[in-house]
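**Student:** The following comprises the amino acid sequence and a computationally predicted model.
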Amino acid sequence: MRADLNRNHLVPLTGIRNLGILAHVDAGKTTVTERILYLTGTVHRRGEVHEGTTVTDFDPLERDRGITIFAAAVSCLWDGHRINLIDTPGHVDFSDEVERSLRVLDGAVAVFDAVAGVEPQSESVWRQADRYGVPRIAFVNKMDRAGADLDTAVESIRERLRVIPLVVQLPIGREDGFTGVVDLLRVRALVWETGRDTVTEGPVPDALADEARRRRRLLEENVAELHPAALEEFCALPEISAPTLAAALRDLTLRGEAVVVLCGSAYRNRGVEPLLDAIVAYLPAPSDVPPVRAAGDDPGQERPADPAAPFAGLVFKVHAAPTGRLTYLRVYSGTIRRGDVVLDAGARRTERIGRILRVQADRHTETDHATAGDIVAVAGIKAARAGATLCAPGAPLVLEPPVTASPVVSVA
Ligand code: GDP
C-alpha cells in the first residue's frame with residue numbers, strides 16, 4: 001500500500017485535494033491525521049498521540065503542549081489522488097494562523113466528538129470557514145466512547161452550525177461494540193475487526209436492514225429537496241444509484257448548501273478509509289474553486305488554476321528548520337522550477353526558488369517543479385514572510401494585504 005511519492009507530480013489538477021482538518025481541541029484531529037497518513041502509506045508505524053510522537057506534531061513545542069500550534073502541510077496519496085493536509089490549529093488563541101491556513105485550502109473535514117457534539121472552538125472555526133466559503137464534510141469521531149450518539153451529534157451540527165447535515169452512514173453497534181458503518185449510498189456494511197486494520201465489506205446485518213432502507217430514503221428525500229436538478233434526475237430513474245446520489249451530494253457540498261456527515265473512531269482505526277473516499281468524492285479540486293483574486297486596490301485581477309498562466313502563489317508558513325529556511329507555498333497559477341526568479345509583490349523584492357519539496361510530515365521529497373494547485377515547501381527564499389505573494393516578475397499581483405507581524409517559527 002505504500003505510496004510512491006516520487007510519482008506525485010503525475011497527479012492531474014482534478015486529482016488534488018488541498019484540505020484542512022478543523023476541530024475543537026481534543027476532538028481527535030491529530031489522531032484522524034495520523035490514521036490518514038498511516039492508511040495512505042505515508043508513515044509506517046501507528047503513532048499514538050499519548051506518546052507525543054505523532055507525525056503532525058513534530059514540533060517540540062507542540063509536543064510539549066500537547067496541542068497543535070503551528071501549521072504543517074503534509075502530502076499523501078489515496079486512490080490516485082494527492083491529498084495535501086494543511087494543519088489548522090484548533091486552539092482558539094491561534095485564530096490568526098487558522099485564518100491563514102483557511103485561505104490556502106480548498107476544502108475541509110470538520111471533526112467532532114461523538115459525545116460532546118459541536119463545541120465552542122469548532123463553532124468559531126466553522127464560522128471562519130464560512131467566511132472563506134470553504135466546502136466541508138463532517139466526521140463524527142469517538143463513536144466508541146460511552147455516551148457516543150450519532151443522532152445527537154448530528155442535531156448539534158444542525159442547531160449550532162445552522163447547516164443541513166446529510167448523514168451518509170449508519171453506525172453498526174454502540175460505544176464499545178461499535179464495529180463499523182453501513183454505507184447508505186451503496187447500502188453495504190463496512191466492518192473493522194478488532195486488532196485488524198483492514199475493512200471487510202458485506203451485506204447489511206439483518207437487524208439494521210429496515211433502518212438502513214429508511215435512512216437511505218430519507219437521504220434521497222433531503223437531497224431532492226435541496227437540489228432541483230437531482231430531483232428531476234431521481235424522478236426519471238427506476239432506482240437512485242450510489243454514483244447519482246454521490247454526484248448530487250458533491251454539488252451540494254461545493255455550493256455550501258449542506259454538509260455530508262460520516263462517523264467512526266479514528267483511535268480504533270474505524271471509518272477512516274470511508275472518510276478518505278469521501279474527501280476524494282465530495283471535496284473540491286483546485287480547478288473546482290473560483291480563480292484567486294488580487295487584494296486591495298486591484299480587486300478585479302484574477303488568476304486561473306492553470307499551469308500555463310503566469311505564476312502566483314501565497315506564502316502561508318515559514319519554518320526555520322535546522323537545514324535552513326523552508327517557505328510553505330500554495331501555488332495558485334503557473335509553474336515554478338528550481339532556479340526561477342520570482343517577485344515578492346508586496347515587498348517589491350525578488351527571490352530565487354531553491355529546492356522544491358513535498359512535505360510528508362517530518363520528511364521531504366524533492367520535486368523538479370510545482371504547478372497551479374500544488375502545496376509545496378521551497379528552500380532558498382530569503383525574506384518572504386507568511387502572507388507574502390510570490391509571482392512572476394512580469395505579471396505582479398498581491399493576493400493578501402501586506403502583513404506586519406508574521407513570526408518565523410524556530411525548530412530546534
Ligand atoms: P486533537 O486535540 O483534536 O488533535 O485530538 P487528539 O487526536 O490529540 O485526541 C485527543 C484524545 O482523544 C487522545 O487521547 C486520543 O487518543 C483520543 N481519541 C482520539 N480519537 C479517539 C476515538 O476515536 N475514540 C476514543 N475513545 N478516543 C479517541
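**Tutor:** Structure received. Not measured: the values here are computed from a predicted model.

**Student:** For the chain, which residues are neighbours of the ligand?
**Tutor:** Within the chain, the positions near the ligand by Cβ under 6 Å from any ligand atom are 23, 25-31, 49-50, 68, 90, 141-142, 144-145, 265-268. In this view, the C-beta of every residue, glycine as well, is placed from N, C-alpha and C.

**Student:** for the residue of the stretch 101-250 of the chain found nearest the ligand, what are its contacts?
**Tutor:** Of all residues in the stretch 101-250 of the chain, residue 142 sits closest to the ligand, at 3.9 Å by Cβ to the nearest ligand atom. Residue 142 makes contacts with 27, 28, 113, 114, 115, 148, 265, 266, 267, as judged by Cβ atoms under 8 Å, 6 or more residues apart in numbering.

**Student:** Let's see which of those end up in strands.
**Tutor:** Members of the contacts of residue 142 lying in strands (criterion: DSSP state E): residue 113.

**Student:** Quick check: next helix or strand after the lengthiest helix in the chain?
**Tutor:** Longest helix of the chain, by residue count under DSSP state H: helix 206-226. Downstream of helix 206-226, the next assigned helix or strand under DSSP states H and E is helix 228-236.

**Student:** buried stuff in that next one?
**Tutor:** Judged by neighbour count using 16 or more other Cβ atoms under 10 Å, the buried positions of helix 228-236 are 230, 231, 233, 234.

**Student:** Could you tell me how far the residue of the stretch 101-250 of the chain closest to the ligand is located from residue 340?
**Tutor:** Going from residue 142 to residue 340 by Cβ to Cβ, to the nearest Å gives 46 Å.

**Student:** ok, back up a step: PyMOL command to pick out the buried ones of the residues of the chain next to the ligand?
**Tutor:** Here is the PyMOL command that selects the buried residues among the residues of the chain next to the ligand (16+ other Cβ under 10 Å):
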select buried, resi 23+25+26+27+28+29+30+31+49+68+90+141+142+144+145+265+266+267+268
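
**Student:** The contacts of residue 142 into CSV, with extra columns for pLDDT?
**Tutor:** Output for the contacts of residue 142, formatted as CSV (pLDDT from 0 to 100):
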residue, pLDDT
27, 92
28, 92
113, 97
114, 98
115, 97
148, 98
265, 96
266, 94
267, 91
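
**Student:** start to end distance for stretch 131-148?
**Tutor:** Using Cα to Cα, to the nearest Å, the end-to-end distance of stretch 131-148 comes out at 30 Å.

**Student:** residues in contact with residue 141?
**Tutor:** By Cβ under 8 Å, 6+ apart, the residues touching residue 141 are 27, 28, 31, 32, 111, 112, 113, 114, 263, 264, 265, 266.

**Student:** those helices in the stretch 51-200 of the chain, which residues are they?
**Tutor:** Using DSSP state H, counting those that start in this stretch, the helices of the stretch 51-200 of the chain run over 60-65, 95-104, 120-131, 150-161.

**Student:** Please identify the most buried of those.
**Tutor:** helix 95-104 (a mean of 20; mean count of other Cβ atoms under 10 Å).

**Student:** What residues of stretch 258-273 count as buried?
**Tutor:** For stretch 258-273, by 16+ other Cβ under 10 Å, it's 258-273.
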